[in-house]
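*Asks:* the following block contains a protein sequence and its predicted model.
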Amino acid sequence: EDQVTQSPEALRLQEGESSSLNCSYTVSGLRGLFWYRQDPGKGPEFLFTLYSAGEEKEKERLKATLTKKESFLHITAPKPEDSATYLCAVRTRSGYNKLIFGAGTRLAVHP
Amino acid sequence: GAVVSQHPSRVICKSGTSVKIECRSLDFQATTMFWYRQFPKQSLMLMATSNEGSKATYEQGVEKDKFLINHASLTLSTLTVTSAHPEDSSFYICSARDSGLSYEQYFGPGTRLTVT
């Protein structure tokens, strides 16, 4: 069964304290891994898509990387406005256009 | 680009009534739209996949007669919760895939449904 696991469940950082969020997956043929940011009471906002191991993408303080088993979302020198829930999702060979979401990591960045 | 809207953002209805939620892709065409449900502090659960001009595909355990989905155009899909009950109260979110691009899904802002 296709599965996506995110860790940690929650993370508290001081402003400027860099860290990484993990998304591990067990799927039958990865056809894309997606990172989203979700603020409370709002829909997810698209961040990145990664398709193959070794691929990396960056946007401001965020950098996403992908291996054959997991993806990391690195946050460099975070600011309070980076506080949100970060969701990881995968598209699989057997799932057609569907995305399977992990439970998310709730990030809180304190000044 | 890739903006998806939902209407209404919040709705309160009485038990037994029906509620319609609209999802629109504003600046792109979407042959496929998705409907999700999200409970507090939980992740998104896919309810159904909606394809323009054809019947929706429902996930296991989702009652298709209760959650009616219509995708009549390339920019509009609707979800109707029929005979709503308090247990249907939830945050409903739609997403759309740009027909001309890759497989990213762009999400609407969500609709908070409360059934009293």
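*Replies:* The structure has been received and is ready for your questions.

*Asks:* from here on, contacts and neighbour counts on C-alpha atoms
*Replies:* Will do.

*Asks:* which residue would be the closest one in chain B to chain A?
*Replies:* Going by Cα to the nearest Cα, chain A is nearest to residue B:109 of chain B, at 4.3 Å.

*Asks:* so the closest residue to chain B within chain A versus residue A:86, what's the distance?
*Replies:* For chain A and chain B, the shortest gap (Cα to the nearest Cα) falls at residue A:43, measuring 4.3 Å. Going from residue A:43 to residue A:86 by Cα to Cα, to the nearest Å gives 12 Å.

*Asks:* next, see if stretch A:19-26 gets close to chain B.
*Replies:* No: using Cα under 8 Å from any Cα of the partner chain, stretch A:19-26 never reaches chain B; the gap is at least 13.7 Å.

*Asks:* give me the residues contacting that stretch.
*Replies:* By Cα atoms under 8 Å, 6 or more residues apart in numbering or on different chains, the residues outside stretch A:19-26 that reach it are A:1-8, A:69-76, A:88, A:90, A:102, A:105.

*Asks:* residue numbers of chain A in contact with chain B?
*Replies:* Taking Cα under 8 Å from any Cα as the contact definition, chain A meets chain B at A:32, A:34, A:41-46, A:49, A:87, A:97-98, A:101-104.

*Asks:* list the contacts for residue 44?
*Replies:* Looking at chain A here, since you left the chain open. By Cα under 8 Å, 6+ apart, the neighbours of residue A:44 are A:36-38, B:106-109.

*Asks:* chain B was what I was after
*Replies:* Listed by Cα under 8 Å, 6+ apart, the contact partners of residue B:44 are A:101, A:103, B:36-38.
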